[in-house]
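K.L.:
I'll drop the sequence and a predicted model, then ask my questions.
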Amino acid sequence: MMYSNLAPHMERGIMPTEQTAFSRWFRRQLSEQGLSQAEFSRRSGVATSRVSDWAGGKFIPSPESAPKIARALNYDVEVVMRAIGYLEDDPYAPDPESPEEQIVAMARRVAWTEDRYNTARNILSGWIETDRAKQED
């Protein structure tokens, strides 16, 4: 996969601050999803030693590793590329800290059928009703 719009600073090399920022982001994602480094390694197909390097801030992933990370964490590749520092911030990109924006971004990746739509609609409707009932109490 080629990325012609890599952030300009990436042409000059990786700065330690990007390594630290990515490693913090990566460790937080593992923690929030309840994944060990070994489990992430299994899901992504990336060597455990490389995962440890990313988590420790020793190295950042290559652009070619971003799709593997995205699949294992269930994120869009662009979110991972931004977290690594290869893409500049996009004001219209989903905020990785916003559960609502992430759900919308995930929904855009679903191959919607009538059954899937009805199932998702029923689940969301149930949650809305539960929230309304709590607000009325």
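P.N.:
Everything's here; your move.

K.L.:
output the longest helix belonging to this protein.
P.N.:
Ranked by residue count, the top helix of the chain under DSSP state H comes out as helix 114-136.

K.L.:
which residues sit against it?
P.N.:
107, 110 (CB atoms under 8 Å, 6 or more residues apart in numbering). Just so you know, the C-beta spots here come from the backbone N, C-alpha and C atoms, and that holds for glycine as well.

K.L.:
swap in stretch 37-56?
P.N.:
22-23, 26-27, 30, 35, 58-61, 65, 68-69, 71-73.

K.L.:
can you do 6 Å?
P.N.:
23, 26-27, 30, 59, 61, 68, 72 (CB atoms under 6 Å, 6 or more residues apart in numbering).

K.L.:
how near is the spatially most central residue of the chain to residue 63?
P.N.:
By CA atoms, centre = their mean, the chain has its centre lying nearest to residue 75, at 3.5 Å. Using CB to CB, to the nearest Å, residue 75 is found at 15 Å from residue 63.

K.L.:
could you give the mean pLDDT of the host helix or strand of residue 107?
P.N.:
When elements are assigned from DSSP states H and E, residue 107 belongs to helix 99-108. Here helix 99-108 scores 83 as its mean pLDDT.

K.L.:
skipping adjacent residues, who's closest to residue 89 in space?
P.N.:
residue 82 (6.4 Å; CB to CB, 6 or more residues apart in numbering).
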